[in-house]
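J.: Need coordinates for the below:
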Amino acid sequence: MMQKAQASAAKGGLASARLVEGSPEPPPPGVGKDHPGNLTRKPDEPPATALDGDIPKGYPPAFLLSGTRDMCLSQTVLLHRKLLRAEVEADLNVFEGMWHFFWEEPSLPESREAMTALATFFNRHLQ
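T.: The predicted model follows:
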C-alpha cells in the first residue's frame, strides 16, 4: 500500500537534514582517507548527486519514487525536502515493503500503482 508523504517547505527538522544543508559529518575514527566523508568536491566539479548541488530557479516538478526497503529511501526523502524548500513541486511516493527499482517488475500490484501515479503526474504536468 502506498503512503504518500506530504511535507511543508517551512516545516521539518529531521536530524539528517544537516546532510542537505551543510557539510557531512566527519567519518568515524579509523575510516581511511579515501572514505567519501573525507573527500571534497573541487569548485569546477559537478555535484556527485542532486543533494550536493543547488536547485536552480525554474526547476520542473519532480516525481520521486521509492520503497521502504529501498537503499536510497533516505536520500529520496532528503531530496524531496530540498525540492520543497526550493519551492519546487515534488511528489514523493513511498511503497511499503518495496525495494530499489521495484517498479521494474510489472507483475507486482505496487508496480502498476506506481506507474499509474507516474502517468497521472505526467498528465497533470505535460498538458
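J.: residue boundaries of the strands in this protein?
T.: Using DSSP state E, the strands of the chain run over 2-5, 62-67, 90-95.
J.: which residues touch the nearest residue to L83 once chain neighbours are set aside?
T.: Distance criterion Cβ to Cβ, 6 or more residues apart in numbering; nearest residue to L83, sequence neighbours excluded, is A90 at 4.0 Å. For the C-beta atoms, the positions are set from N, CA and C on the backbone; glycine is no exception. By Cβ atoms under 8 Å, 6 or more residues apart in numbering, the contact list for A90 reads P61, A62, F63, L64, L79, H80, L83, L84.
J.: repeat that with 10 Å
T.: When contacts are counted by Cβ atoms under 10 Å, 6 or more residues apart in numbering, A90 touches 5, 7, 9, 55, 59, 61-64, 79-84.
J.: Which per-residue confidence value corresponds to the residue nearest to H125 when sequence neighbours are not counted?
T.: Spatial nearest neighbour of H125, chain neighbours left out: P61 (5.2 Å); criterion: Cβ to Cβ, 6+ apart. P61 is assigned a predicted lDDT (pLDDT) of 98.
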